[in-house]
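[1] Need coordinates for the below:
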Amino acid sequence: MRCEVCGRKIYGKPYRVIIEGAELLVCSECAKLGKLVPESKTKKPMLTKRRLPLKTVKKSAPQTPVETTLELVEDYNVRIREAREKLGITHEDLGKKINEKTSVLKKIETGKMVPDNKLALKLEHALKIKLLTPASTEKIEIINLPKPSNQKLTIGDLIEQKRKETKKNNEGNNSSKA
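    Predicted coordinates:
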C-alpha cells in the first residue's frame, strides 16, 4: 500500500487522517500533517455489490434484420422528396414519424447524405416507397496471360494486355473503313 500524500510505500499500519477536509490513508511521516481519525469513526470499506440482471428490462422495438445484400437505389433523394410531397407532409412531420432529425432528412433529400439501410427501411415504411433493391453482382472477366510458371501476374501485365487488345480492335476497325 502507498501513502496517498507522498506516494511512498507504507510499512506497518497506515494512518487514517483528515488533511484539509479529505480523509486519507498515509504513512507515519505524513500523519503528522493532519488530524488522526479515531477508529470508531473510520468508514468501513463498502463491499462491492454484484450487479444482478434487471428483471424488468425495457423491451425495445423488435429489430428488423437488414439484409446486407440490399443496396440503395441511385435516385433515392428524388424518390424520398416526391413521396413526401405527394403525402403532403413536412420534414418536421416525417422526422417525428420516423424519429429522425429534420436536418438529416433535408440532407438526404438534397443528396448530401446517404441513408444507411436501417434509415432507408424507416423511410420506405413511412413514405410507402421502395428504396432498397437486391444487390447486383458484377461479373469480372479473368484474362489468362501466358507467363512463365516462376513469375507472377502483375497489374502492369493486365494493363499491357488491355492496351494490346484495344490496339488490335482499333486496327481492325480502321482496315474495315478503308
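[2] give me the number of residues near residue 69?
    Here the number of neighbours of residue 69 (other Cβ atoms under 10 Å) works out to 10. For the C-beta atoms, the positions are set from N, CA and C on the backbone; glycine is no exception.
[3] list the contacts for it?
    Listed by Cβ atoms under 8 Å, 6 or more residues apart in numbering, the contact set of residue 69 reads 134-135.
[4] just residue 91 next, same as before
    Applying Cβ under 8 Å, 6+ apart, one finds that residue 91 lies in contact with 84, 102, 105-106, 109.
[5] Name the nearest of these relative to residue 118.
    Residue 118 lies nearest to residue 105 out of the contacts of residue 91, by Cβ to Cβ, at 14.4 Å.
[6] With adjacent residues omitted, what lies nearest to the closest one?
    Once flanking residues are discounted, residue 105 sits nearest to residue 91: 4.9 Å by Cβ to Cβ, 6 or more residues apart in numbering.
[7] Next: residue 115.
    Closest residue in space to residue 115, ignoring its immediate chain neighbours: residue 108 at 5.4 Å, by Cβ to Cβ, 6+ apart.
[8] wouldn't that neighbour be in contact with residue 78 here?
    No - contact criterion Cβ atoms under 8 Å: residue 108 and residue 78 do not qualify, at 11.0 Å.
[9] neighbour-wise, which of the two wins?
    Comparing residue 108 with residue 78 by other Cβ under 10 Å, the one with more neighbours is residue 108, at 21 against 12.
[10] Return the set of buried residues in whatever helix or strand that one lives in.
    Using DSSP states H and E, residue 108 sits in helix 102-110. Buried residues in helix 102-110, counted by 16 or more other Cβ atoms under 10 Å: 105, 108-109.
[11] what do you get for stretch 24-35?
    By neighbour count on 16+ other Cβ under 10 Å, the buried set for stretch 24-35 is 24-27, 30-31, 34.
[12] would TSV of those with secondary structure, pLDDT and distance to residue 125 be doable?
    TSV is the format used below for the buried residues of stretch 24-35 (DSSP: H, G, I helix; E, B strand; the rest coil; pLDDT from 0 to 100; distance: Cβ to Cβ, whole Å):
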residue	secondary structure	pLDDT	distance to residue 125
24	strand	89	59
25	strand	90	60
26	strand	91	64
27	coil	91	67
30	helix	91	66
31	helix	88	69
34	coil	90	66
